[in-house]
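K.L.:
pasting the structure only:
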């Protein structure tokens with residue numbers, strides 16, 4: 001019987017012709033349509049599960065996808081009211097037309113009617129999805145579709161609904177007339193010993209497929225150009241989803257029409273699969289019922305009849321089985337069918353053991369990017385608005401390495417349990433991979449998908465050694481350095497072979513000469529498998545410890561290992577600090593020596609600070625912990641992290657004092673006082689040094705450290721005007737070590753306090769000649785600074801810049817000699833471009849500063865002053881404070 005247009009449909013058609021509502025009413029209307037879409041989608045999905053015919057299920061899945069895109073992505077939702085009503089009408093007529101039918105009924109009128117309907121809804125779905133994808137390419141989450149396009153789709157649906165009704169009615173009448181002849185014809189067909197086939201609709205395009213548009217387009221072009229593909233990656237990367245998306249690309253549907261087949265080997269046990277099982281599943285995916293022997297010939301005959309695209313999903317199942325000599329026919333069968341003209345095969349597999357004699361183009365399916373990971377997560381998680389949750393979630397997505405399955409499981413868990421972003425983060429931090437077991441099956445549980453890989457014959461053949469290497473790779477944050485694998489794990493002579501198998505099974509991947517794991521796999525191995533083998537850990541520690549203790553300031557093979565494996569070494573050190581055993585002194589020694597190596601070869605922030613702070617303090621660890629803290633402070637000094645430097649040195653001072661090591665305590669205190677001066681905290685610096693002189697420790701100190709303390713105290717007094725210029729630096733003027741240093745700064749202090757510039761200039765020139773005779777580069781630097789300051793204050797900018805240029809050349813020479821490490825040299829180098837800029841504007845002569853201006857200038861070195869003037873240039877860089885280094 002014909003199906004009539006509903007009243008709602010008619011009413012909304014009229015409503016669509018009315019004038020556009022106000023923004024408030026349109027928002028309200030959009031909200032109503034959103035609810036309508038949700039109800040309609042739910043009804044369609046319910047019907048889809050009930051109809052008995054796959055083709056009808058595909059149609060209902062497609063229209064549900066259209067409405068899902070409209071609900072979640074399309075901005076002008078109110079314009080989709082009529083489309084929603086027509087989709088509801090399609091649901092009703094498909095349900096009625098297929099009621100009581102079966103797949104056998106698709107040989108007549110019903111198949112043709114459903115096929116026509118399927119083509120129309122697929123065309124509209126492609127257009128809607130295309131609009132969505134264009135928005136995603138432009139990083140627009142919501143897109144607006146032109147009303148005229150929507151009206152065209154409405155017209156298309158009207159036409160196809162009319163045609164569907166007509167064909168159903170005509171087909172029913174025709175079939176009734178031919179019923180009497182059917183038994184005779186049927187008996188004739190059954191008597192033939194040939195395979196029969198029925199059409200199988202390929203799975204629909206995944207709704208939640210984010211960040212794969214460019215990949216799908218690239219792979220589609222390869223398929224159209226007759227290339228066989230192997231999509232490789234760990235479980236949960238979305239290989240099957242990408243393959244399903246390819247099936248529905250317009251170029252693919254145009255070339256292969258209804259000969260697009262999706263054959264899945266999911267759920268089969270590789271250890272029990274046979275050649276017959278493989279071929280039966282293959283034939284079933286093509287819709288073929290094999291009759292008699294030689295299934296390869298029968299399938300090949302079917303495939304030769306026209307172009308065909310065959311996707312073999314979860315191919316690792318039979319690839320692993322085909323490793324057995326008894327199942328060697330599987331690769332040969334695949335190769336035979338791949339060589340049929342017009343037949344293209346796509347594999348999705350965790351394994352790289354793909355059938356030989358086929359020209360596979362292998363494509364690794366990589367993790368998502370951040371934008372796509374966010375889109376996937378928030379498509380599922382609706383408990384909190386995206387703008388409120390995004391900041392908290394981004395770090396979590398990164399911790400998951402943007403692994404699609406893990407993101408999907410985590411978002412569903414959070415949505416199902418109504419977790420806030422804070423609660424979700426807490427659950428993750430507390431349980432890690434356990435949170436990713438959201439149900440049963442590989443699509444809902446990370447544990448299940450991991451077990452599929454770990455139960456593969458290739459991995460099982462590795463025995464215990466496979467698990468040992470897997471645990472070690474999960475333990476090391478950088479993964480395992482392939483070049484050093486045999487040195488790090490000498491008890492595993494087959495480590496290279498084991499690594500090849502792990503990589504072939506997509507349990508690990510190669511990057512920058514390291515074997516690495518995706519974060520979800522790493523967490524699973526750490527949480528669910530055995531802990532790293534004690535023997536292996538001891539071997540790794542021994543190798544890294546020998547490397548650290550052998551490293552020098554020169555760039556040699558040991559320094560290269562420090563640079564390449566620095567995160568792994570740091571992790572080993574931190575782990576050992578957390579579990580101190582009988583070899584405590586060796587563990588602490590490795591800690592401070594590694595910090596020394598970092599400072600000299602790869603200055604960077606370190607994660608060892610908490611591990612050092614947590615060292616239990618007792619009489620046996622006071623000095624060892626203090627030494628670790630002092631080397632940590634020296635690293636902070638190289639990084640110009642002065643606040644952290646002060647904290648680390650202060651903690652070291654207290655431990656050295658408790659241990660009775662006054663000399664080391666004073667060394668830390670002096671550097672801390674100088675750091676305070678470099679931050680402009682002159683009074684604090686002075687008070688700290690004066691307290692040292694008045695302390696009980698002062699008399700216990702060597703003359704060398706006391707002379708250094710006097711120099712630093714005079715420097716602080718100079719900045720705070722608590723001593724006359726004549727007094728400053730005189731106590732150390734005759735010291736063997738600090739004599740020249742003190743004379744230079746005495747002269748500069750007098751200039752700051754008002755001495756004639758000509759006299760100060762002449763005195764510094766004399767001192768410069770003394771520096772040349774002694775070869776003391778640090779004191780030469782101090783003199784050149786003073787000369788540059790005097791020239792600057794007298795308006796002789798060219799002379800000032802010449803002196804600073806000499807300083808820069810000295811720093812560059814230190815770089816060439818491999819000893820460029822202090823903040824001062826970095827300051828000089830970074831200021832060079834600013835100095836060159838000043839050279840171009842040196843015709844502007846500044847006013848001659850008064851004596852009070854000189855005093856105000858005392859807190860900065862000349863390179864600081866010139867750098868700050870250079871800040872007017874866009875070429876200028878960040879200026880770092882200068883620390884005083886002892887001679």
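P.N.:
Good, I have the coordinates. All values reported here derive from a predicted model rather than from experimental measurement.

K.L.:
Find the helix or strand that residue 747 is a member of.
P.N.:
Here residue 747, judged by DSSP states H and E, is contained in helix 739-752.

K.L.:
could you give the mean pLDDT of that helix?
P.N.:
Over the span of helix 739-752, the pLDDT mean works out to 88.

K.L.:
Contacts for it next, please.
P.N.:
711, 714-715, 718, 725-726, 728-733, 735, 757, 760, 763-764, 767, 770-771, 774, 776, 778-779, 782-783, 785-786, 789-790, 854-855, 857-858, 887 (Cβ atoms under 8 Å, 6 or more residues apart in numbering). (Glycine included, C-beta is placed from N, CA and C.)

K.L.:
where does it sit relative to the chain's centre, distance-wise?
P.N.:
Here helix 739-752 is found 54 Å from its chain centre; the criterion is Cα atoms, centre = their mean, to the nearest Å.

K.L.:
C-terminal to it, what's the next element?
P.N.:
helix 757-774.

K.L.:
quick one: average pLDDT of that next one?
P.N.:
Mean predicted lDDT for helix 757-774 stands at 85.

K.L.:
How about stretch 808-824?
P.N.:
For stretch 808-824, the per-residue pLDDT averages 63.

K.L.:
hang on, the earlier thing: so which of the contacts of helix 739-752 belong to helices?
P.N.:
711, 714-715, 718, 757, 760, 763-764, 767, 770-771, 774, 778-779, 782-783, 785-786, 789-790, 854-855 (DSSP state H).

K.L.:
Which PyMOL command selects the buried ones in these?
P.N.:
Buried residues among the ones in helices among the contacts of helix 739-752 (16 or more other Cβ atoms under 10 Å), as a PyMOL selection:
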select buried, resi 711+714+715+718+757+760+763+764+767+770+771+778+779+782+783+785+786+789+790+854+855
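
K.L.:
Please verify my assumption that residue 427 contacts residue 421.
P.N.:
No - checked against Cβ atoms under 8 Å, the pair residue 427 and residue 421 is beyond contact range at 10.8 Å.

K.L.:
Now do the helices in the stretch 151-300 of the chain.
P.N.:
182-190, 213-224, 239-247, 250-256, 275-286, 295-304 (DSSP state H, counting those that start in this stretch).

K.L.:
Please name whichever of those helices is nearest to residue 684.
P.N.:
helix 213-224 (57.4 Å; Cβ to Cβ).

K.L.:
just how off-centre is that closest one within its chain?
P.N.:
That offset, for helix 213-224, works out to 24 Å (Cα atoms, centre = their mean).

K.L.:
Enumerate the positions of that helix that are buried.
P.N.:
213, 215-216, 219-220, 222-224.

K.L.:
Then stretch 343-362?
P.N.:
343-355, 358, 360.

K.L.:
Looking at these, spot the one nearest residue 270.
P.N.:
Looking across these and measuring by Cβ to Cβ, the closest to residue 270 is residue 351, at 9.7 Å.

K.L.:
residue ranges for the strands of the stretch 101-250 of the chain, please.
P.N.:
Under the criterion DSSP state E, counting those that start in this stretch, strands of the stretch 101-250 of the chain are mapped to 196-197, 228-232.

K.L.:
and if you look at the stretch 401-550 of the chain?
P.N.:
480-481, 509-511, 514-516.

K.L.:
now for the shortest one, which elements pack on it?
P.N.:
Using 3 or more Cβ pairs under 8 Å, 6 or more residues apart in numbering; DSSP states H and E as the contact criterion, the neighbours of strand 480-481 among helices and strands are helix 464-475, strand 514-516.

K.L.:
Quick one: residues in contact with the shortest one.
P.N.:
Under the contact criterion Cβ under 8 Å, 6+ apart, strand 514-516 has outside partners 473, 478-482, 485, 499, 502-503, 508-510.

K.L.:
what's the answer for the first one, then?
P.N.:
Residues external to helix 464-475 that are found in contact with it (Cβ under 8 Å, 6+ apart): 459, 479-480, 489, 492, 494-495, 498-499, 501-502, 507-508, 515-517, 521-522, 525-526, 529-533, 536-537, 540, 571.

K.L.:
Got a quick PyMOL command for the buried subset of those?
P.N.:
The PyMOL command for the buried members of the contacts of helix 464-475 (criterion: 16+ other Cβ under 10 Å) is given here:
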select buried, resi 459+479+480+489+492+495+498+499+501+502+507+508+515+516+517+521+522+525+526+532+533+536+537+540+571
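
K.L.:
Show only the entries of the contacts of helix 464-475 found in helices.
P.N.:
Short answer: the contacts of helix 464-475 in helices (DSSP H) are 459, 495, 498-499, 501-502, 521-522, 525-526, 536-537, 540, 571.

K.L.:
circling back: what would the helices and strands packed on strand 480-481 look like in JSON lines with distance to residue 638?
P.N.:
Listed next are the helices and strands packed on strand 480-481 as JSON lines, based on distance: least, Cβ to Cβ, whole Å:
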{"stretch": "helix 464-475", "distance to residue 638": "29"}
{"stretch": "strand 514-516", "distance to residue 638": "26"}
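
K.L.:
out of those, nearest to residue 118?
P.N.:
Closest among the helices and strands packed on strand 480-481, once you apply Cβ to Cβ, is strand 514-516, at 44.4 Å.

K.L.:
Off-centre distance for that closest one?
P.N.:
With Cα atoms, centre = their mean, you get 15 Å for strand 514-516.

K.L.:
for stretch 578-595, same thing?
P.N.:
32 Å.

K.L.:
Now that stretch: buried residues?
P.N.:
587-595.

K.L.:
quick check: mean pLDDT across the helix or strand harbouring residue 91?
P.N.:
Using DSSP H and E, residue 91 maps to helix 81-97. Helix 81-97 shows a mean pLDDT of 81.

K.L.:
for stretch 785-805, same thing?
P.N.:
88.

K.L.:
same deal with stretch 614-633?
P.N.:
pLDDT averaged over stretch 614-633 gives 90.

K.L.:
for stretch 368-383, same thing?
P.N.:
On average, stretch 368-383 scores 90.

K.L.:
Show me how far stretch 634-645 is from its chain's centre.
P.N.:
Worked out by Cα atoms, centre = their mean, stretch 634-645 lies 29 Å from the chain centre.

K.L.:
First-to-last residue distance for it?
P.N.:
Terminal residues of stretch 634-645 lie 7 Å apart, using Cα to Cα, to the nearest Å.

K.L.:
With stretch 613-625 instead?
P.N.:
8 Å.

K.L.:
So which bits of it are buried?
P.N.:
615, 621-625.

K.L.:
Would you mind finding the most buried of the helices of the stretch 151-300 of the chain?
P.N.:
helix 239-247 (a mean of 23; mean count of other Cβ atoms under 10 Å).

K.L.:
quick check: angle from the helix or strand harbouring residue 800 to helix 757-774?
P.N.:
Secondary structure from DSSP H and E places residue 800 in helix 797-816. Inter-element angle recorded for helix 797-816 and helix 757-774: 20 degrees (by axes from the mean of the first three to the mean of the last three Cα atoms, to 10 degrees).

K.L.:
No further questions, thank you.
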